[in-house]
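> model the following, please.
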Amino acid sequence: MKPAVRVVDLRSDTVSLPTARMRKAIYEAEVGDDVYDEDPTVKELERRSAQMFGKQAALFVPSGTMGNLLAVMVHCSRRGTEAIVGDMAHIFLYEQGGAAQIGGVLLNCIKNEEDGTFDLGELRNKFRGYDVHESQTALVLVENTHNMCGGKVLPLQWLEDLSKICTERSVKIHMDGARIFNAAEYLKVPVSRIVRDVDSICFCLSKGLACPVGSVLVGHNDFIKAAHRLRKALGGGMRQVGFLAAAGLCAFDEIVPKLSKDHARTRRIAEFIQSINSPLFKVDLENLHTNILMIQILTNRITSCDFERRLIEVLPEELEHGLVDARGNGISVKVSARDWSFTRIVVYTNITDEDIDLVIRKIKYVIEEYHNNEL
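Below is the predicted model of the structure:
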């Protein structure tokens, strides 16, 4: 008979679940047909989003991937133009090349620095379109916070400098701001300040904000009008979407003010790993910004997927050594792993202090096990 198991899922904040207050808001939402522009709750979400971000208008979309694709297609409205994007960006790595596949837009990569930025001198040399043989650069894409760079927050001065360069060349800037509220929490500034120097932004409701579905695209009136039209072509025209928009409105009031707790809980895990001074695993505590933690693996004898599997499984000897929760359940920790030299942990609003205690205990046990076997 298998033992009962307590699972702490830290694979991503996409697995976050609506709170009781959010579920109530969904149930009670006033709705209408959004394709007919008659859903009052969607309208309020869009109005409030535009206001918060200091832009003219906003558009509710089913996903961040769709929101980013709409932005690329609107800014690069002539097929064959190009967008410059970091080589570690979500838009480049994990959105199936939709810009090219669907929009006819070339993605031209630039190397991301460890902090999520890229060299602005190199960017200047990337702009093209001055020769008839070249694709013409119409857009620069940035990501904030930067997922694969460990949840890093882009410096405000860097964004301002980027904007000046792009303005000189009449090139637009779109920000994949899936976790932009985490960036605002880290910088202690409003989101409107972060996006002041960009033309459009897409932020996610269904990651750290715990909503079940949705993202919001924000920008100028004409930009949103064009995106609204394209949304229909991509199958994003939905009907009584107010049930989902209500969750977003709730998240602004309930979840956003608590994001600092996610950051603090992430730091607790990082501080523990640093404190044991392992020759096999390390973290960059000094440059930990938000709710994403990369645990670096320093030996080629342990893969990211090995570490992932070991954290998930519950062995009989763990129970014998008392590695259980308060109810005697074994501890299983889910993390994110691929063909990486690191394992990723993401903390979100449903993760409690007790969960973090259990995660630390499990990581301690597994790392000690590796030490005994490897050293």
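
> domain parsing for this protein?
5-15+258-374, 20-254 (automatic domain parsing).

> out of those domains, deepest packed?
domain 20-254 (a mean of 20; mean count of other C-beta atoms under 10 Å). Placement of C-beta: from N, CA and C, glycine included.

> now do it: distance from first to last residue.
End-to-end distance for domain 20-254: 11 Å, by C-alpha to C-alpha, to the nearest Å.

> JSON lines for the domains of the chain, including mean pLDDT?
Formatted as JSON lines, these follow (pLDDT from 0 to 100):
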{"stretch": "domain 5-15+258-374", "mean pLDDT": "95"}
{"stretch": "domain 20-254", "mean pLDDT": "96"}
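
> ok, the nearest residue in space to K232 that is not next to it in sequence - contacts?
Spatially, and ignoring its direct neighbours in sequence, K232 is nearest to V35 (7.6 Å; C-beta to C-beta, 6 or more residues apart in numbering). Contact analysis of V35 by C-beta atoms under 8 Å, 6 or more residues apart in numbering lists K232, G237, M238, R239.

> and those, which of them are in helices?
When the contacts of V35 are checked against helices (DSSP state H), the matches are K232.

> go through the contacts of V35 and say which is closest to A247.
Among the contacts of V35, M238 lies closest to A247 (C-beta to C-beta), at 14.0 Å.

> hang on, that closest one packs against S63?
No - between M238 and S63 there is no contact under C-beta atoms under 8 Å: 11.7 Å.

> tell me the one of the contacts of V35 nearest F272?
Using C-beta to C-beta, those come closest to F272 at M238, 43.5 Å.

> any idea how far that closest one is from A50?
Taking C-beta to C-beta, to the nearest Å as the measure, M238 falls 19 Å from A50.

> check N182 too.
Taken as C-beta to C-beta, the span from N182 to A50 is 20 Å.

> one more: D197?
Counting by C-beta to C-beta - D197 and A50 are separated by 17 Å.

> now D176
For D176, the distance to A50 equals 18 Å [C-beta to C-beta].

> what do you get for D355?
Relative to A50, and taking C-beta to C-beta, D355 is found at 35 Å.

> tell me the pLDDT of M1.
Predicted confidence (pLDDT) for M1: 59.

> could we number from 202 for the rest of this?
In the new count, where the first residue is 202, that last one comes out as M202.

> pretty sure S416 contacts C405?
Yes - under the criterion of C-beta under 8 Å, S416 makes contact with C405 at 4.8 Å.

> where do the contact lists of the two overlap?
With C-beta under 8 Å, 6+ apart, S416 and C405 have common neighbours G265, A379.

> if we can go back for a sec, would you list the phi and psi of the residue nearest to K433?
phi -60, psi -30 (degrees, to the nearest 10).

> pull the residues that contact stretch 426-442.
Contacts of stretch 426-442 (C-beta under 8 Å, 6+ apart): 232-236, 240, 242-243, 258, 260-263, 267, 270-272, 274-275, 278, 303, 418, 420.

> output that stretch as CSV, restricted to C-alpha atoms.
In CSV, the C-alpha atoms belonging to stretch 426-442 read as follows (Å, rounded to 0.1, in the frame of the first residue of the first chain):
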residue,chain,number,x,y,z
LYS,A,426,-8.6,48.5,-32.1
ALA,A,427,-6.3,46.6,-34.5
ALA,A,428,-5.6,43.9,-32.0
HIS,A,429,-9.3,43.5,-31.3
ARG,A,430,-10.0,42.8,-34.9
LEU,A,431,-7.1,40.3,-35.2
ARG,A,432,-8.2,38.6,-32.0
LYS,A,433,-11.4,37.5,-33.8
ALA,A,434,-9.3,36.0,-36.7
LEU,A,435,-7.3,34.0,-34.2
GLY,A,436,-10.4,32.6,-32.5
GLY,A,437,-10.2,34.8,-29.4
GLY,A,438,-13.6,36.3,-29.7
MET,A,439,-15.5,34.9,-26.7
ARG,A,440,-19.0,35.4,-25.3
GLN,A,441,-19.8,35.7,-21.6
VAL,A,442,-16.2,36.3,-20.6
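
> off-centre distance for that stretch?
What separates the centre of stretch 426-442 from the centre of its chain is 23 Å, taken as C-alpha atoms, centre = their mean, to the nearest Å.

> how about stretch 553-562?
23 Å.

> check stretch 534-541 too.
The answer for stretch 534-541 is 16 Å, by C-alpha atoms, centre = their mean.

> and that stretch, how far apart are its ends?
18 Å.

> what ranges does the stretch 302-451 of the chain have for its strands?
According to DSSP state E, counting those that start in this stretch, the stretch 302-451 of the chain carries its strands in the segments 307-311, 338-344, 373-377, 401-405, 416-420.
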